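Student: Give me a 3D structure for the following:
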Amino acid sequence: MATLIFLLSAAALLQFFISYCRSLIAASIKQPLSAEVRDVTGIPSTTSGEDFARVIQLLDLCPESPRERGHIRAINAYFRLLTFLRSTVARIIPALVAWTEMERGQCTYFAAVALDRRIAFSRDMLAQQIEV
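Tutor: Below you'll find the predicted structure:
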């Protein structure tokens, strides 16, 4: 009985986690990327899951803004979950391959939007320091 309760709780938590990550991604999809971020990341008009690691490395170079602390970690975990699904379950169910790749591309776009925000945050911090 305890195992069943644990499995149901884990499934419910996973469902809420996926919904949370998809809502973060949906909010970022509406924001356009600046030309500067497109140049720095080398992302064309459509994003691919293959660019995610490179964009995360660029994100790590910029200082974090306080309002996005957990968002990047959540999307990173979601991206790893999608990669796991693509390499396991998607081999059995071919329709999942396209969906996981689309979701991974959206994770990359989210990371690029976050990079754009961090660059703007860094510029604002630098401008404040110059004024002082």
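Student: where does the protein have low pLDDT?
Tutor: Applying pLDDT under 70 to the chain flags the ranges 45, 131-132.
Student: change it to 90
Tutor: For the chain, the stretches flagged by pLDDT under 90 are 1-2, 27-51, 53-72, 85-101, 105, 112, 114-132.
Student: distance between stretch 68-88 and the chain's centre?
Tutor: Remark: stretch 68-88 is offset 7 Å from the chain centroid, using C-alpha atoms, centre = their mean, to the nearest Å.
Student: With stretch 118-129 instead?
Tutor: The chain centroid and the centroid of stretch 118-129 are separated by 22 Å under C-alpha atoms, centre = their mean.
Student: Just the CA coordinates for that stretch, please, in PDB.
Tutor: Only the C-alpha atoms of stretch 118-129 are listed here, as PDB (Å, rounded to 0.1, in the frame of the first residue of the first chain):
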ATOM      1  CA  ARG A 118      20.800  38.300 -18.200                       C
ATOM      2  CA  ILE A 119      22.700  40.400 -20.700                       C
ATOM      3  CA  ALA A 120      20.200  43.200 -20.200                       C
ATOM      4  CA  PHE A 121      20.500  42.700 -16.400                       C
ATOM      5  CA  SER A 122      24.300  42.900 -16.700                       C
ATOM      6  CA  ARG A 123      24.100  46.100 -18.700                       C
ATOM      7  CA  ASP A 124      21.800  47.700 -16.100                       C
ATOM      8  CA  MET A 125      24.200  46.700 -13.300                       C
ATOM      9  CA  LEU A 126      27.100  48.200 -15.200                       C
ATOM     10  CA  ALA A 127      25.200  51.400 -15.900                       C
ATOM     11  CA  GLN A 128      24.300  51.700 -12.200                       C
ATOM     12  CA  GLN A 129      28.000  51.300 -11.300                       C
END
